[in-house]
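J.: got a sequence here, can you build the structure:
(one chain, ligands or ions: 1)
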Amino acid sequence: MSFPLVSTQRDNCTDLYSVTDCFLRVLDFCDWTTLVAVSHADKSGRDCVRRVFRGRVQRVIGRLLKSWQCKAIFNHLDVTGAMISGPIPWAIMTIEMATPNDNLPTEIKIVTPAHTFQSWITVLQYIGFCTVSGSRVPNMPVTVSKARRFWAPSQNISIFIIESCSSSILSAVLALPFTSDMTLLSTSRLFCFYPSLVDMNVTLSGFRYTPDEDIKWWTSRGVRHFYSTYEWDGPCGSACPALWRHTEGLHGVGEFAWGGLFNDKDIEGNMGNSAMLSKAQFKWRIGVCCVNRFCQFRTRYF
Ligand SMILES: [Zn+2]
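T.: Residues are numbered from 1 along each chain as shown. Next up, the predicted model:
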């Protein structure tokens, strides 16, 4: 008796998947984990998720920049090997249909390799952004050589350029104050170094001092912030601050190939600068000990 029922359910699902507009509408309501699962199902699923992702990029970044400004930024991301980090990729991963635009970030944070800062000034001036004299950005890790905020005079929008001390942006990214900063958008891929925390809508402070106003930026958008793992009610897993992790091969890093603004990347090896990340040899952790009583790496004092 149950077989025909299963068969009917499968037919219904097939019908649903074949109606692209309907399927896209359903995907609009799916969380990030579900989207990634669907993208791995087959080519049709991947194409649909890429469309949803590009729609999110348009909503999150397109409201900040005109199309030609966006193209100039993305082109220079490829030229320099830089990536967008923090609130923008986080918003793209977590945005819901009901998310009010007021909750979306108004700053684009870009981490760029050593010796590329000057070239960003040229591009940002070209698209109408400028620095405000005396603007100093405190609380940057030692792995950052320069950090400067650029403003669009007529809009409440800023672009924050962070230059790494080394040729890899990872040394700078993985020393930023919050785990929620450690999410990257390249011109063809998205990388998330703490995917389990994104799933739980949690950000954790690392070694850097995290000012109250920065914490409030996240918490006012429904993200739960923790200074330590003391209050966690389950094992840390790979998010444990005491755990040394390494970047080579990107183990434990969530990665999604979104195909780029025009869905022309990740085709026959055209991956922009993304392939460089997985070859970087860099180890990091965001604390020296863990105080989560459910964690196998918990610091013991006896
Ligand atoms: Zn732990």
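
J.: mind checking the SS state of the closest residue to residue 20 other than its chain neighbours?
T.: Distances taken as C-beta to C-beta, 6 or more residues apart in numbering place residue 48 nearest to residue 20, at 6.7 Å, with adjacent residues excluded. C-beta coordinates here come from the backbone N, C-alpha and C atoms, glycine included. Following DSSP: H, G, I helix; E, B strand; the rest coil, we place residue 48 in the helix state.

J.: residues near residue 48, how many?
T.: Neighbours of residue 48 under the rule other C-beta atoms under 10 Å: 21.

J.: how far away is it from the ion?
T.: Per C-beta to the ion, to the nearest Å, residue 48 is found 37 Å from the ion.

J.: again, but for residue 186
T.: The value you get for residue 186 to the ion, if C-beta to the ion is used, is 29 Å.

J.: wait, that residue sits on residue 85?
T.: No: using C-beta atoms under 8 Å, residue 186 makes no contact with residue 85, being 10.3 Å away.

J.: so which bits of the chain are right by the ion?
T.: Proximity of the chain to the ion, by C-beta under 5 Å from the ion, involves residues 236, 240, 290, 292, 295, 297.

J.: now with 6 Å?
T.: Counting by C-beta under 6 Å from the ion, the residues of the chain close to the ion are 229, 236, 240, 242, 290, 292, 295, 297.

J.: distance to residue 27 added to those residues, as JSON lines?
T.: Below are the residues of the chain next to the ion laid out as JSON lines (distance: C-beta to C-beta, whole Å):
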{"residue": "229", "distance to residue 27": "33"}
{"residue": "236", "distance to residue 27": "30"}
{"residue": "240", "distance to residue 27": "32"}
{"residue": "242", "distance to residue 27": "37"}
{"residue": "290", "distance to residue 27": "36"}
{"residue": "292", "distance to residue 27": "34"}
{"residue": "295", "distance to residue 27": "34"}
{"residue": "297", "distance to residue 27": "37"}
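
J.: buried ones among those residues?
T.: The neighbour-count test (16 or more other C-beta atoms under 10 Å) marks 229, 236, 240, 242, 290, 292, 295 as buried among the residues of the chain next to the ion.

J.: show me the contacts for the third one.
T.: In other words, residue 240. Contact partners of residue 240, counting by C-beta atoms under 8 Å, 6 or more residues apart in numbering, are 229, 290, 292, 295, 297.

J.: okay, strands next: where are they in the chain?
T.: For the chain, strands defined by DSSP state E occupy the ranges 83-85, 107-112, 130-131, 144-151, 158-164, 183-185, 189-192, 202-204, 224-226, 245-246, 254-257, 283-284.

J.: helices of the protein, start to end?
T.: Ranges of helices in the chain, per DSSP state H, are 2-18, 20-27, 32-39, 43-61, 67-80, 87-94, 117-126, 170-173, 195-199, 212-219, 275-279.

J.: which of those helices sits most buried?
T.: For the helices of the chain, the largest average neighbour count (mean count of other C-beta atoms under 10 Å) is found in helix 170-173, namely a mean of 25.

J.: could the helices of the chain be laid out in CSV, adding mean pLDDT?
T.: Below are those laid out as CSV (pLDDT from 0 to 100):
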stretch, mean pLDDT
helix 2-18, 50
helix 20-27, 74
helix 32-39, 80
helix 43-61, 88
helix 67-80, 95
helix 87-94, 94
helix 117-126, 96
helix 170-173, 93
helix 195-199, 92
helix 212-219, 94
helix 275-279, 74
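
J.: circling back: the strands of the chain: which one's closest to residue 38?
T.: Nearest to residue 38, of all these, is strand 254-257, at 11.3 Å by C-beta to C-beta.

J.: tell me the strands beside the closest one, with direction?
T.: Sheet pairing of strand 254-257 (DSSP bridges) gives strand 189-192 (antiparallel).

J.: what's next to the partner strand, contact-wise?
T.: So strand 189-192 is contacted by 53, 83, 89, 92-93, 182-184, 198, 250, 253-258, 266, 271-272, 274, 277 (C-beta under 8 Å, 6+ apart).

J.: tell me the gap between it and the middle of its chain.
T.: 6 Å (C-alpha atoms, centre = their mean, to the nearest Å).

J.: pull out the buried positions in that strand.
T.: So strand 189-192, judged by 16+ other C-beta under 10 Å, has buried residues 189-192.

J.: and of these, the nearest to the ion?
T.: residue 192 (18.7 Å; C-beta to the ion).

J.: excluding its backbone neighbours, what's nearest the closest one?
T.: With C-beta to C-beta, 6+ apart, the residue lying closest to residue 192 is residue 254, at 3.8 Å.

J.: ok, the closest residue to residue 52 other than its chain neighbours - contacts?
T.: Ranked by C-beta to C-beta, 6+ apart and with sequence neighbours excluded, the top spatial neighbour of residue 52 is residue 27, at 4.7 Å. Going by C-beta under 8 Å, 6+ apart, residue 27 touches 35, 38, 48-49, 52.
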